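J.: I'll drop the sequence and a predicted model, then ask my questions.
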Amino acid sequence: MTNNNSPAEGAHPLVYRVRLPLSSSVVTHVAGLIRARRNAIDSRWRKLNPGRQALLVFAFLRHDQRLCDLAGGNDISAATLRRWVLEVIELLAAQASRLDRALKKIAKAGSAIVLLDGTLVRTRRRTGDEDRPNYSGKHKAHGLLFLALTDERGNLVWISAAAPGRSSEITTARRNKITAQLRKAGLGAIADLGFVGLDDDPDDPVIITGRKAARGRPLTAAQKEANRLVSRERAANEHGFADLKAWRVLTKVRMSAAYATTLLRALLVLTQLQTTR
């Protein structure tokens with residue numbers, strides 16, 4: 001039986017080029033990390049130089065290219081490329097700021113507020129009871145919940161560890177002690193209605209949200225206008241998530257869910273290097 005999709009006998013495999021919309025400074029930065037890592041472990045020879053390794057990793061992260069296809073087009077094994085991808089992800093994730101340091105940097109720059117929101121990163125559905133917590137009833141999909149902070153212009157400054165998809169944003173924020181860290185840094189945060197009730201000190205609030213309508217108690221005109229103002233200020237936060245999800249590997253995370261936090265923090269660093277408003 002003949003497979004019509006297979007190349008003819010003796011034919012050469014087809015290789016195509018894909019544009020990577022990244023600045024040269026990002027490539028140089030990552031290549032430098034790879035070069036320093038090779039020197040640290042005394043890796044004397046690899047088939048591709050640090051710059052080429054960085055480009056292959058970017059192709060995987062930016063366009064969600066399959067490892068076996070990338071490896072075949074560059075005359076290396078898929079296992080080797082997988083090791084290189086994981087190596088770069090770990091090197092970048094190590095540069096991501098902790099929450100307290102990120103807020104301290106924002107305060108030092110003279111800002112008074114940050115923008116807080118959550119997003120679901122979809123994952124491949126797996127069988128078994130262990131994957132059930134990853135199902136989000138809100139999004140009707142399997143995934144992991146991440147919280148993120150941006151500055152007033154929408155630049156990402158911090159991202160949380162992964163939480164199961166069924167987790168609520170407010171519970172995840174409490175586990176990360178976001179309100180305590182904001183008070184410590186002397187900052188406030190603007191958030192959506194999913195974070196109503198997060199602030200544990202209503203007399204000295206640091207979380208600004210809109211107002212929810214209750215049964216038999218509709219919002220007044222003033223409250224609706226206040227909600228519109230909060231939504232307008234929060235719009236920049238969506239730009240931050242859009243920058244992050246431009247890395248198409250996040251369309252559906254196929255690697256281990258336990259490794260997703262490392263992946264997101266690596267992409268956070270790349271996004272910070274690439275995008276500044």
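T.: Happy to help now that I have it.
J.: could you pull out the helices for the stretch 51-200 of the chain?
T.: Counting by DSSP state H, counting those that start in this stretch, the stretch 51-200 of the chain has helices at residues 67-73, 78-93, 99-108, 169-175, 178-185.
J.: what's in contact with the third one?
T.: Outside helix 99-108, the residues within contact range by CB atoms under 8 Å, 6 or more residues apart in numbering are 97, 114, 149, 151, 157-158, 160, 176, 178, 181-182, 184-187. All C-beta atoms are positioned from the backbone trio N, CA, C, and that covers glycine.
J.: for the stretch 151-277 of the chain, which spans come out with low pLDDT?
T.: 277 (pLDDT under 70).
J.: same check, this time on the stretch 1-150 of the chain
T.: Applying pLDDT under 70 to the stretch 1-150 of the chain flags residues 1-13, 127, 130.
J.: Count the neighbours of His183 for me.
T.: Check again: residue 183 is Arg, not His. By the criterion of other CB atoms under 10 Å, Arg183 has 16 neighbours.
J.: Tell me, how many residues neighbour the spatially closest residue to it that is not a sequence neighbour?
T.: Among residues not flanking Arg183 along the chain, Val206 sits closest, at 5.7 Å (CB to CB, 6 or more residues apart in numbering). Using other CB under 10 Å, Val206 has 20 neighbouring residues.
J.: Any idea which of the helices of the stretch 51-200 of the chain gets closest to Val27?
T.: Val27 sits nearest to helix 78-93 of all the helices of the stretch 51-200 of the chain, at 11.6 Å, using CB to CB.
J.: Output the closest one as PDB - backbone C-alpha positions only.
T.: Output of helix 78-93 as PDB, limited to C-alpha atoms (Å, rounded to 0.1, in the frame of the first residue of the first chain):
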ATOM      1  CA  ALA A  78      14.600  15.800  18.200                       C
ATOM      2  CA  ALA A  79      16.000  14.700  21.600                       C
ATOM      3  CA  THR A  80      18.900  17.100  21.300                       C
ATOM      4  CA  LEU A  81      16.600  20.000  20.400                       C
ATOM      5  CA  ARG A  82      14.300  19.100  23.300                       C
ATOM      6  CA  ARG A  83      17.300  19.400  25.700                       C
ATOM      7  CA  TRP A  84      18.200  22.700  24.100                       C
ATOM      8  CA  VAL A  85      14.700  24.100  24.500                       C
ATOM      9  CA  LEU A  86      14.400  23.100  28.100                       C
ATOM     10  CA  GLU A  87      17.900  24.500  28.800                       C
ATOM     11  CA  VAL A  88      16.900  27.900  27.400                       C
ATOM     12  CA  ILE A  89      13.500  28.000  29.200                       C
ATOM     13  CA  GLU A  90      15.200  27.300  32.500                       C
ATOM     14  CA  LEU A  91      17.900  30.000  31.900                       C
ATOM     15  CA  LEU A  92      15.300  32.600  31.100                       C
ATOM     16  CA  ALA A  93      12.900  31.600  33.900                       C
END
